[in-house]
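Participant: Here is a sequence together with a model predicted from it:
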Amino acid sequence: MRKYFRGGIAALTGALIATSIVLTPAAGAAAKQDPDTQKLAGSLATQKVTWEECTFPGVDPATVTKFKTVKGLACATIQVPRDWHNPADGNTIGIRVSKTETAFKGTSRQGIALVNPGGPGGSGLPWGAAMALRTPVLAGQYDFIGFDPRGVGLSAPLTCSYTVPNSTDVNVLNKAKVDGCLENPLTQFITTEQTAYDMDFIRVVLGEKKMSYIGYSYGTWLGTWYAATFPSKTHRFLLDSAVDASQSTLENTWDLQPRTRDRQFQEALLPYMTRRDDTYGQGTDPMEIRRNWEKAGGTREFVGQLFAAWFVIPAMYDTSQYHAAASAIASVIDAAEEGTATGTDSEKVERIVAKMLTVPGLTDENKAFIAKGKSNALNAIAKKERVAVKATTAAAEVETWDATFEAIRCQDGQWNQNLHYWNYWLADLTVNAPFIAPFMSTPLCAYWQTKNSMPKPDKKTFPRLLVAQSELDAATAYEGGLATAKALPNAKLISVDNEGSHGLFPYNTDCVDDPIVFYFQTGATPRKQFTGCQALPLPNEDKTFDVGGKLTNGKVKIKMITPAVKEANKIVKDLLSGSSTAAADESGMPANL
């Protein structure tokens, strides 16, 4: 069985790698000078930082115990200017930082490496210790640094409030939500640009000349922004599961995302079920499984949405949970065919989950995954019921919400403001991405204006870096990672064919991990721009099956709407012509699946 984010990295084969690498050149002599965060911060650059024992809210105690075995783990709050463009205004905010001291002293030490897990809005505080445990080879040369970006976790949080308007028009509601958030004086400063400056100031406070970085998902956008702004301070950067950083905004990444969900569902998860008909009992034709899923209500029915949101989609992020996801799909289909999908929504969930737990071969990790999914589903039902009650009350109620995710993705570059475009976008999804379409709604960014944009990398100074991307990534499309690797000067792409997991390194194969480790140790990148690797087998399988596109010259050639997806879409259209689609934005589902 595959291992994700566990264990050591495969031993380096230096002699082999050395035949296919190039060394990082020095930055051009005429390079534009980086912003000087030490000078901009003024007296904050000499602040006294008090390091103390770390706490990690939301992390289970067993994992925290493991973290505390990491040498030198300590946490502190560093004060930074609220606005790096006007640091002299006297306003500051706190950034919570964790440090480790695992690197061996001496010439082999490479310095610090910051880590960001994505989001935007994900807590990165535990990730210094986590990376030290995940990649002990690099921990001997790097002190990994975790941090909660501004607006997140134990750093200065961003919450927004708005008065609920007396209207059922989604456009009126969304605009009220955005306008209310913009009234918070902190909102305008919760951006990737400001966080990039915070990262550089962490480097200053820690007394380092340069910094390295590992960013996952949205963290690749943050890493690209830093490298474009502070190229001379950039040491080694890995962009793992990359957004489309060839664009000046994040809009294209989220435009692609719904279709990548449908693609992995049809191209990888359902074929996996057909190869294990003895376990799931759904036949050997993925199209027939899809037909039966849709007959059972699919994601147009609330219960189907619950199982997609909390059992299927999470397994697309980590395909080691495919067995649990397949069990959910099979159990939903069986319940519909047996006529047992009756009662209240909560009763249906209880009954279907009980059936899931009878599927043979569930591991302890699968059972924990299922227990968490069940809890989330029942909480979503409770939230839906609260929303229904609230809808009968008078308007003018004040709602408060955590706004970091929306503030960052909407303020990092101007999204399309034409509501007719988004109406067309939603209508198109009902035809070309019907599995995920019921979850989608007009994004708040359609009502949010900004003048920010991703800075363009300077070809003379932009550092060499690595991009790692899986073929069927359902969160950050392979197409976006490929565009990033082509657009960023000197970037090299490591493609993993037949893989769907989101977040790869360490992957525990020589092909993926060796060039990444060697790059962090030496600065050398693969000689060719594109390196193609094979995926590990899926759970309970002893070989890797070819799905999706084809690996050619280090790149995966795949269509966004593949022939299999086209056929599945036709099945849905023919089967469900004229049926209504239930909205999920007020059902307690995750806003960003």
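Facilitator: Cool, got the structure.
Participant: Show me where the stretch 451-593 of the chain has its helices.
Facilitator: Using DSSP state H, counting those that start in this stretch, the helices assigned to the stretch 451-593 of the chain run over residues 478-487, 510-522, 563-576.
Participant: and the second one, what other elements does it pack with?
Facilitator: It refers to helix 510-522. Here helix 510-522 touches helix 14-18, strand 21-22, helix 136-139, strand 234-240, strand 465-470, strand 491-497, strand 525-526, strand 530-534, going by 3 or more CB pairs under 8 Å, 6 or more residues apart in numbering; DSSP states H and E. Using the backbone N, CA and C atoms, a C-beta is placed for each residue, glycine as well.
Participant: one more time with 7 Å, if that's ok
Facilitator: Using 3 or more CB pairs under 7 Å, 6 or more residues apart in numbering; DSSP states H and E, the elements in contact with helix 510-522 are helix 14-18, helix 136-139, strand 234-240, strand 465-470, strand 491-497, strand 530-534.
Participant: one step back: out of the helices of the stretch 451-593 of the chain, which one sits most buried?
Facilitator: Comparing these by mean neighbour count (mean count of other CB atoms under 10 Å), helix 478-487 comes out on top with a mean of 22.
Participant: Kindly state the pLDDT recorded for the nearest residue to residue 457 once chain neighbours are set aside?
Facilitator: Residue nearest to residue 457 in three dimensions, not counting chain neighbours: residue 228, with 4.6 Å by CB to CB, 6 or more residues apart in numbering. Residue 228 is assigned a predicted lDDT (pLDDT) of 97.
Participant: which residues does residue 228 contact?
Facilitator: Taking CB atoms under 7 Å, 6 or more residues apart in numbering, we find residue 228 in contact with 455, 456, 457, 462.
Participant: try 10 Å
Facilitator: For residue 228, the contacting residues are 196, 234, 245, 454-458, 461-463, 488-489, by CB atoms under 10 Å, 6 or more residues apart in numbering.
Participant: just curious, which of those is nearest to residue 538?
Facilitator: Lowest distance from residue 538 to the contacts of residue 228 (CB to CB) belongs to residue 245, with 29.4 Å.
Participant: any idea how far that closest one lies from residue 228?
Facilitator: Applying CB to CB, to the nearest Å, the value for residue 245 to residue 228 is 9 Å.
Participant: what is in contact with the two at once?
Facilitator: Contact criterion CB under 10 Å, 6+ apart; residues shared by residue 245 and residue 228: 454, 457, 488.
Participant: My understanding was that the second one contacts residue 245; is that so?
Facilitator: So that's residue 457. Yes: the pair residue 457 / residue 245 is scored as a contact, 8.9 Å apart, by CB atoms under 10 Å.
Participant: Identify the contacts common to those two.
Facilitator: Here residue 457 and residue 245 have 224, 225, 227, 228, 487, 488, 491 as joint contacts, going by CB under 10 Å, 6+ apart.
Participant: Just those residues: which are in strands?
Facilitator: Among those, the ones falling in strands (DSSP state E) are residue 491.
Participant: Could you list the low-pLDDT ranges of the protein?
Facilitator: For the chain, residues meeting the criterion pLDDT under 70 lie at 1-31, 388-396, 578-593.
Participant: And the residue nearest in space to the middle of it, how far from residue 199?
Facilitator: For the chain, the residue whose C-alpha lies nearest the mean C-alpha position (CA atoms, centre = their mean) is residue 217; its distance is 4.0 Å. To residue 199, residue 217 is 17 Å away according to CB to CB.
Participant: same check, this time on residue 452
Facilitator: Counting by CB to CB - residue 452 and residue 199 are separated by 17 Å.
Participant: got it, and residue 161?
Facilitator: 29 Å.
Participant: again, but for residue 275
Facilitator: Residue 275 is 44 Å from residue 199, by CB to CB.
Participant: likewise residue 265?
Facilitator: Taking CB to CB as the measure, residue 265 falls 36 Å from residue 199.
Participant: And the strands in the stretch 101-250 of the chain?
Facilitator: 111-116, 142-147, 159-163, 211-216, 234-240 (DSSP state E, counting those that start in this stretch).
Participant: Any idea which of those strands gets closest to residue 63?
Facilitator: Here strand 142-147 is closest among the strands of the stretch 101-250 of the chain (CB to CB), at 13.3 Å.
Participant: Tell me the gap between the closest one and the middle of its chain.
Facilitator: Chain-centre distance of strand 142-147: 19 Å, with CA atoms, centre = their mean, to the nearest Å.
Participant: Could you export that strand as PDB, CA atoms only?
Facilitator: Below are the C-alpha coordinates for strand 142-147, written out as PDB (Å, rounded to 0.1, in the frame of the first residue of the first chain):
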ATOM      1  CA  TYR A 142      17.500  23.000   7.200                       C
ATOM      2  CA  ASP A 143      15.700  24.400  10.200                       C
ATOM      3  CA  PHE A 144      12.000  24.300   9.100                       C
ATOM      4  CA  ILE A 145       9.900  27.200  10.000                       C
ATOM      5  CA  GLY A 146       6.100  27.100  10.300                       C
ATOM      6  CA  PHE A 147       3.900  30.200  10.600                       C
END
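Participant: now it against helix 510-522, angle please.
Facilitator: Relative orientation of strand 142-147 versus helix 510-522 (axes from the mean of the first three to the mean of the last three CA atoms, to 10 degrees): 100 degrees.
Participant: by how many degrees do strand 142-147 and strand 211-216 diverge?
Facilitator: Going by the same axes, to 10 degrees, strand 142-147 makes 60 degrees with strand 211-216.
Participant: Name the strands paired with strand 142-147 and say parallel or antiparallel.
Facilitator: With DSSP bridges as the test, strand 142-147 is paired with strand 92-99 (antiparallel), strand 111-116 (parallel).
Participant: right, and the ones you listed - which one's nearest residue 515?
Facilitator: Within these, the stretch nearest residue 515 is strand 111-116; the backing value is 16.7 Å (CB to CB).
Participant: and the closest one, how far from the chain's centre?
Facilitator: Using CA atoms, centre = their mean, the offset of strand 111-116 from its chain centre is 18 Å.
Participant: about what we covered before: what is the most widely separated pair among the shared contacts of residue 457 and residue 245?
Facilitator: Applying CB to CB across the shared contacts of residue 457 and residue 245, the maximum distance is between 225 and 491, 14.4 Å.
Participant: Quick check: chain neighbours aside, which residue is closest to residue 296?
Facilitator: Using CB to CB, 6+ apart, the closest residue to residue 296 is residue 336 (3.5 Å).
Participant: Can you classify that neighbour by secondary structure?
Facilitator: helix (DSSP: H, G, I helix; E, B strand; the rest coil).
Participant: Just confirm it contacts residue 297, I think it does.
Facilitator: Yes: under the criterion of CB under 10 Å, residue 336 makes contact with residue 297 at 6.8 Å.
Participant: and for those two, which residues touch both?
Facilitator: With CB under 10 Å, 6+ apart, residue 336 and residue 297 have common neighbours 303, 304.
Participant: by contact count, what packs against the biggest helix by length in the chain?
Facilitator: The longest helix of the chain (DSSP state H) is helix 364-390. Secondary-structure packing of helix 364-390 (3 or more CB pairs under 10 Å, 6 or more residues apart in numbering; DSSP states H and E): helix 302-307, helix 313-317, helix 322-338, helix 345-356.
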